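Student: quick one: sequence plus predicted model below, questions after.
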Amino acid sequence: MNPHPTLLQRKCVPKPWGRLRLPHPFEGAASEQIGEVWFDDAGTTQDLLVKYLFTSDKLSIQVHPSDDLARQSGLASGKEECWIVIDADPGAALGIGTKVPLSPQELRAAAIDGSIEQLMDWKPVSRGDFFYIPPGTVHAIGAGVSIIEVQQNADVTYRLYDYGRPRDLHLDDGIKAATAKPYDERMHSRIDFACEARIFDGPKFGLWIMSDWPADGLSGEAVQIIPLRGQVSIRQGSGHGVTAQAGDCVLCQPLARLHASPDFICIMAQAKV
């Protein structure tokens, strides 16, 4: 990667479940329904992808494959991801896991007749909820939530059910990838956005909420810095620096110097490779 800090390019992605008016930190009206804002380094592919998601309707009920299963299909990797809820309307919910274990045959039948929607475990959420979503988890994001999603940078999603919307389903691949069972609540936690902490230490990436570099836990791999409030200037050696605030994402080495405003706090995400 570029040894100097890079302010990643912001991309707004229309989705049928998105919003015409985006909340903080992307305030303003849009000409079409924007569901995702994600960040890319032109010309290179990063191990992790950071997204904001803004929903006005439910996303499809879906599943992601493991690395091993994805590679059997000729893909570079599967996808594990996590969700950080930054805002939620009253009554908003995320569907994570099924209420009871389902066999592949039962999952297929439920996806075909639509009863899968009632079999999902819809969990009420609010600002500060964190969920790790390992491969194989049957999941769906509900309406009225704003989320930061950190994921393996792989475009592999198998839709099991989409509420009758005219999009392709992937039942054969999805049933093969899915482990339809109740969610392990040990993978859910609450984040205090005012306190620095290590949020998550998983197989593919680690996450922190910090105002400066954490004292331990980082490797030498590149880090993506996602400001939540305040402003930070980041410089590596004598090279050029970048300045970032909420709504930005910076890719840098963990040796970079951070010069932050007193109110600065961010999410740091680092891949394990």
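Tutor: In hand now; what should we look at? Numbers count the residues shown, from 1 in each chain.
Student: is residue 111 located within a strand, as I assumed?
Tutor: No - residue state for residue 111 (DSSP: H, G, I helix; E, B strand; the rest coil) corresponds to helix; a strand is not indicated.
Student: test my guess that it contacts residue 160.
Tutor: Yes - in this structure, residue 111 is within contact of residue 160 by CB atoms under 8 Å, at 4.4 Å. Using the backbone N, CA and C atoms, a C-beta is placed for each residue, glycine as well.
Student: list residues touching both of these two?
Tutor: A shared contact of residue 111 and residue 160, defined by CB atoms under 8 Å, 6 or more residues apart in numbering, is any residue touching both; here these are 61, 169, 171, 174-175.
Student: in ChimeraX, select just the buried ones from those.
Tutor: Taking 16 or more other CB atoms under 10 Å as the burial criterion, the selection of buried members of these in ChimeraX is written as:
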select :61,169,174,175
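Student: let me know the distance separating the residue nearest the centre of the chain from residue 230.
Tutor: Among the residues of the chain, the one closest to the centroid is residue 149, at 1.5 Å (CA atoms, centre = their mean). According to CB to CB, to the nearest Å, residue 149 and residue 230 sit 22 Å apart.
Student: in stretch 69-76, which residues are buried?
Tutor: Within stretch 69-76, the residues that qualify as buried are 69-70, counting by 16+ other CB under 10 Å.
Student: need the pLDDT of residue 255.
Tutor: pLDDT, residue 255: 85.
Student: list the contacts for it?
Tutor: Contacts here follow CB under 8 Å, 6+ apart; on that basis residue 255 touches residue 236.
Student: how about the residue lying farthest from the centre of the chain, phi and psi?
Tutor: Taking CA atoms, centre = their mean as the measure, the residue most remote from the mean C-alpha position of the chain is residue 238, 33.1 Å away. Here the main-chain torsion angles of residue 238 (degrees, to the nearest 10) amount to phi -100, psi 10.
Student: again, but for residue 185
Tutor: According to degrees, to the nearest 10, the main-chain angles of residue 185 amount to phi -70, psi -10.
Student: what's the neighbour count on residue 122?
Tutor: Number of residues near residue 122 (other CB atoms under 10 Å) recorded here: 16.
Student: so it makes contact with residue 95?
Tutor: Yes - shown here, residue 122 and residue 95 form a contact pair, counting by CB under 8 Å, at 5.0 Å.
Student: joint contacts of those two?
Tutor: Here residue 122 and residue 95 have residue 142 as joint contacts, going by CB under 8 Å, 6+ apart.
Student: for residue 163, see how far away the residue farthest from the centre of the chain is.
Tutor: For residue 238 relative to residue 163 (CB to CB), the value is 54 Å.
Student: show me the domain layout of the protein.
Tutor: The chain breaks down into these domains under automatic domain parsing: 55-190, 197-271.
Student: show the average pLDDT along stretch 108-124.
Tutor: Mean pLDDT, computed over stretch 108-124, is 98.
Student: what of stretch 258-268?
Tutor: When pLDDT is averaged over stretch 258-268, the result is 97.
Student: from residue 244, how far off is the residue farthest from the centre of the chain?
Tutor: Using CB to CB, one gets 20 Å for the distance from residue 238 to residue 244.
Student: do residue 117 as well
Tutor: According to CB to CB, residue 117 stands 39 Å off from residue 244.
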